[in-house]
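S.K.: below are the sequence and a predicted model; questions follow.
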Protein chains: 4
Amino acid sequence: MASREQEILDAARKLFRQKGYYATTMQDIAEAVGLQKASLYHYIRSKEALLLQIAGETMRLFHAELDRIEAAGGSVAQQLAAAIRAHVKVVAEHQETLTVLFRESHALPPEHAEKVRGETGRYTRRLTELIARGVAAGELRPVDPGAACLAILGACNWMYRWYSADGRLTPQQIGDQFVEVILHGLLAPGGAGRQARTPGRAP
Amino acid sequence: MASREQEILDAARKLFRQKGYYATTMQDIAEAVGLQKASLYHYIRSKEALLLQIAGETMRLFHAELDRIEAAGGSVAQQLAAAIRAHVKVVAEHQETLTVLFRESHALPPEHAEKVRGETGRYTRRLTELIARGVAAGELRPVDPGAACLAILGACNWMYRWYSADGRLTPQQIGDQFVEVILHGLLAPGGAGRQARTPGRAP
Amino acid sequence: MASREQEILDAARKLFRQKGYYATTMQDIAEAVGLQKASLYHYIRSKEALLLQIAGETMRLFHAELDRIEAAGGSVAQQLAAAIRAHVKVVAEHQETLTVLFRESHALPPEHAEKVRGETGRYTRRLTELIARGVAAGELRPVDPGAACLAILGACNWMYRWYSADGRLTPQQIGDQFVEVILHGLLAPGGAGRQARTPGRAP
Amino acid sequence: MASREQEILDAARKLFRQKGYYATTMQDIAEAVGLQKASLYHYIRSKEALLLQIAGETMRLFHAELDRIEAAGGSVAQQLAAAIRAHVKVVAEHQETLTVLFRESHALPPEHAEKVRGETGRYTRRLTELIARGVAAGELRPVDPGAACLAILGACNWMYRWYSADGRLTPQQIGDQFVEVILHGLLAPGGAGRQARTPGRAP
DNA sequence: CATGAATGAGTATTCATTCAT
DNA sequence: TATGAATGAATACTCATTCAT
């Protein structure tokens, strides 16, 4: 069984999230899994390797979701909506890991940090391209695809800080709301807000 | 002059951002300002106090912008657009401080962390209420104001991770794009994407 | 074996006595036992815990002696003489520990200092009560038992400052002399000193 | 005026007693006299010099009392009684200084410690000689003068630990009781305790 | 597989003292 | 006389990691 290694990883993830990477000691982790400090080293190479593994494991999930969605096809809007909902779901389900990833990835040595950043960048590019296709096809409004993508990712990723399973909204509802806001915008159609498009140039 | 204290604060902010709070040593800070470690303690009480001060100084900026915008009046859409642009601008201008705030605030002792979280919460509520007013007035579409607010804040705050003064987009442009996406949405009007509102429930 | 812990305790006791608690560094102790500073912390919690343990270990000895003497019974005078001899012996045999206890107990945190003071107080009370019984029974002269007790304890405890195993007097001899002075007094019977009882009122 | 220097000395003495020599910082002393740390050095050479001065000033008092008593003449018993009462009075009146002297004198550098120990030794010798004269003259019982002297000094000096101006006994009463115990002993005359003189050697 | 012992490198903080002003 | 600034040296304690058993 890899169960012991998994236990250690789980404990580390939880502790890293609760106390932060630096404030978590190998002692803490050892106690959490009922081993002695020294025994951890039978299963893991180092504290840093633990962080790296935790940081790495999530990016795969995001890519997998995107694979699924692209395979399913449909309009750009449909794919985009699905991507937003999927992303929200992944963040909600892996909040712990993502908290560690977002907060502590800079503690990784350059070489590893690079790898994590690479994966992140690839995911961003995939999403940006999807938007760019939509814009090119006239299906989406002529926004800057890069900026739009980062707005989406920001909205979704930021959840790592405020989402709570006990909160008012389910991941499902959050996904719906985010899709609403991002695809349709906040302005009521035909509303008086139309001129807000160019605030400061009001009549 | 308070210049020496300010110098220390500036050095700490920069180092905290580059290496993280824990990885930054008082030695690092001392070297950065050309003093001995011990001399730092003439100006600051502790490393933690340094973090606290850095963390605290930014929330004031956000509130000040919101004050200004609300005082200026206008439609909800206008105010919201202005708020987004202002927020983007503050993040761009205080990226260093905010990186520390977002990444390391959990390293603060509970009491101080509470204070910072309190300020953040207050800012979120102000923005949520603005959106709620717009929804009530029919100026904005009937979204959940809380979720919408968090989407906006996420989009803007996330910049702390990707914004670069050397990047492709200026804060001005980023603000414009974010306003576009959030107020008007990505979908082209009358486009085929209308049914994306409830993908999976399409006919 | 608990030998390593005991070694550390012994080294600390000796050093605390030689240089004082504050002037003794963990480095000193580590060198004395042939370990690295950090390794000490496998056996002890802190420098203060070391002091506490050293301070605590002696009071038990005094109480044990008193237990033994009271169990043996005899007249108050016999018990008192035995107590003085026992006290002198304990001080001589544990001079190092007692030096630390007497000199450094104020360095303990209030809570622990309280505990040590409590034990000391209990011992004083036991001795005072013995004297009080002797006075009540007419076996001892009508002195103030509290003051007499403190005189005895002072005479005996003060040894921590001047006793030396290489000195002129053995603990046995010191005990004998102290018993002489305290039980019988210095004045020669029938001597001219009788009026010294109330000097200043001499004829 | 030497008042500023005296103020500093007074503050140091009080603080050394309350917190111990090591635990008292120059900052503490500076605050107590309303100066800045650096300003203290206009009046004193060093923290250690402060301790030395405090330690030194008391021995003079003891000698002065002994001078007075010897000048007054009288029997050995009368002089001894007067010496005990005087010693008790000095301890009571200078408890603060003596606490520092007794507890911290080992913190002095060897050279200065030697000087203090020298004064102490001289005082002890004077008292021992007085007792020896009494023994030689048959006025005192044939005790070991050195041991008897140290018993007396122990009884009196130990007061530094337990005496309180608010306590049950006045210095006057303590002196009387000590004289009683030391000159006349605790045993009631003709009492059953006579055989206690040599417990263990009883028939 | 598990661990008790050991450690080297590091970390924030303290403090008596000096000195230019 | 007084002090704000500066510092060198020290100090207790921590922690990830290694290794013999």
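M.R.: Sure thing, it's come through. Numbering: from 1, shown residues only, chains lettered A, B, ... in the order given.

S.K.: CA only for contacts and neighbour counts going forward, please
M.R.: OK.

S.K.: right, and A:L187 touches B:E139 too?
M.R.: Yes: counting by CA atoms under 8 Å, B:E139 is a contact partner of A:L187 at 6.5 Å.

S.K.: neighbour count: the two, which is higher?
M.R.: A:L187 (26 against 23; other CA atoms under 10 Å in any protein chain shown).

S.K.: check that one and give its pLDDT.
M.R.: Looking at A:L187, its pLDDT is 94.

S.K.: what about A:S46, neighbour count?
M.R.: By the criterion of other CA under 10 Å, A:S46 has 12 neighbours.

S.K.: got it, and A:S39?
M.R.: By other CA under 10 Å, neighbour count at A:S39 equals 11.

S.K.: then A:V100?
M.R.: Applying other CA under 10 Å, we find 24 residues neighbouring A:V100.

S.K.: for chain D, what is the nearest residue in chain A?
M.R.: Nearest residue of chain A to chain D (CA to the nearest CA) works out as A:A23 at 30.7 Å.

S.K.: phi, psi for that residue please.
M.R.: Dihedral pair for A:A23: phi -80, psi -10, per degrees, to the nearest 10.

S.K.: what's the closest non-adjacent residue to it?
M.R.: For A:A23, ignoring the flanking residues on the chain, the nearest one in space by CA to CA, 6 or more residues apart in numbering or on different chains is A:F16 at 7.9 Å.

S.K.: over to A:A151?
M.R.: Sequence neighbours aside, B:A155 is the residue nearest to A:A151 in space, at 4.3 Å (criterion: CA to CA, 6+ apart).

S.K.: A:M26 contacts A:S39, correct?
M.R.: No: using CA under 8 Å, A:M26 makes no contact with A:S39, being 10.4 Å away.

S.K.: quick one: pLDDT of the residue most central in space within chain A?
M.R.: By CA atoms, centre = their mean, chain A has its centre lying nearest to A:N157, at 4.5 Å. Note on A:N157: pLDDT of 98.

S.K.: okay but it is in contact with B:G154, surely?
M.R.: Yes: counting by CA under 8 Å, B:G154 is a contact partner of A:N157 at 7.2 Å.

S.K.: and the particular helix or strand that has A:I8 in it, what's buried?
M.R.: Here A:I8, judged by DSSP states H and E, is contained in helix A:3-19. Residues of helix A:3-19 classed as buried by neighbour count (16 or more other CA atoms under 10 Å in any protein chain shown): A:8-17.

S.K.: could you pull out the helices in chain A for me?
M.R.: Taking DSSP state H as the test, the helices found in chain A are A:3-19, A:26-33, A:37-40, A:47-72, A:76-93, A:95-104, A:110-136, A:145-157, A:159-162, A:171-179.

S.K.: tell me which of the ones you listed sits nearest to B:V181.
M.R.: For these, proximity to B:V181 was assessed by CA to CA; helix A:145-157 is nearest, at 6.6 Å.

S.K.: show me the contact partners of that closest one.
M.R.: Helix A:145-157 is contacted by residues A:84, A:87-88, A:91, A:124, A:127-129, A:131-132, A:135, A:178, A:182, B:150-159, B:174, B:177-178, B:181 when judged by CA atoms under 8 Å, 6 or more residues apart in numbering or on different chains.

S.K.: could you tell me the angle between it and helix A:110-136?
M.R.: Interaxial angle, helix A:145-157 versus helix A:110-136 (axes from the mean of the first three to the mean of the last three CA atoms, to 10 degrees): 120 degrees.

S.K.: buried stuff in helix A:145-157?
M.R.: Buried residues in helix A:145-157, counted by 16+ other CA under 10 Å: A:145-157.

S.K.: I'd like to know which of the residues you listed is nearest to B:L169.
M.R.: A:A147 (8.3 Å).

S.K.: which ones are touching the residue nearest to A:A23?
M.R.: Counted by CA under 8 Å, 6+ apart, A:F16 has contacts A:22-24, A:100.

S.K.: how does it look with 10 Å?
M.R.: Neighbour list for A:F16: A:10, A:22-25, A:29, A:51, A:54, A:96-97, A:99-101, A:103-104 [criterion: CA atoms under 10 Å, 6 or more residues apart in numbering or on different chains].

S.K.: then A:R13?
M.R.: A:7, A:20-21, A:29, A:50-51, A:53-55, A:96-101.

S.K.: ok, those vs A:V116, which is closest?
M.R.: A:V116 lies nearest to A:A55 out of the contacts of A:R13, by CA to CA, at 7.2 Å.

S.K.: how much space is there between that closest one and A:R17?
M.R.: 12 Å (CA to CA, to the nearest Å).

S.K.: give me the common contacts of these two.
M.R.: Common neighbours of A:A55 and A:R17 (criterion: CA under 10 Å, 6+ apart): A:97-101, A:104.

S.K.: for those, give me a markdown table that also has distance to D:H63 and pLDDT.
M.R.: Listed next are the shared contacts of A:A55 and A:R17 as a markdown table, based on distance: CA to CA, whole Å; pLDDT from 0 to 100:
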| residue | distance to D:H63 | pLDDT |
| --- | --- | --- |
| A:T97 | 77 | 89 |
| A:L98 | 78 | 92 |
| A:T99 | 75 | 93 |
| A:V100 | 73 | 89 |
| A:L101 | 76 | 90 |
| A:E104 | 71 | 88 |
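
S.K.: save these as TSV, and put in distance to chain D too.
M.R.: Converted to TSV, these look like this (distance: CA to the nearest CA, whole Å):
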residue	distance to chain D
A:T97	47
A:L98	47
A:T99	44
A:V100	43
A:L101	45
A:E104	40
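
S.K.: out of those residues, which one sits closest to DNA strand F?
M.R.: A:E104 (13.9 Å; CA to the nearest atom of the strand).

S.K.: OK, contacts around that closest one?
M.R.: By CA under 10 Å, 6+ apart, the contact list for A:E104 reads A:16-17, A:20-22, A:51-52, A:55, A:98, A:113, B:20, B:103-104.

S.K.: got it, and A:A72?
M.R.: A:66, A:78-79.

S.K.: will you turn the residues you listed into TSV that also has pLDDT, distance to chain D and neighbour count?
M.R.: Formatted as TSV, the contacts of A:A72 follow (pLDDT from 0 to 100; distance: CA to the nearest CA, whole Å; neighbours: other CA atoms under 10 Å in any protein chain shown):
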residue	pLDDT	distance to chain D	neighbour count
A:L66	96	65	22
A:Q78	97	71	24
A:Q79	97	69	23
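
S.K.: show me which of those residues is closest to DNA strand F.
M.R.: A:L66 (34.6 Å).
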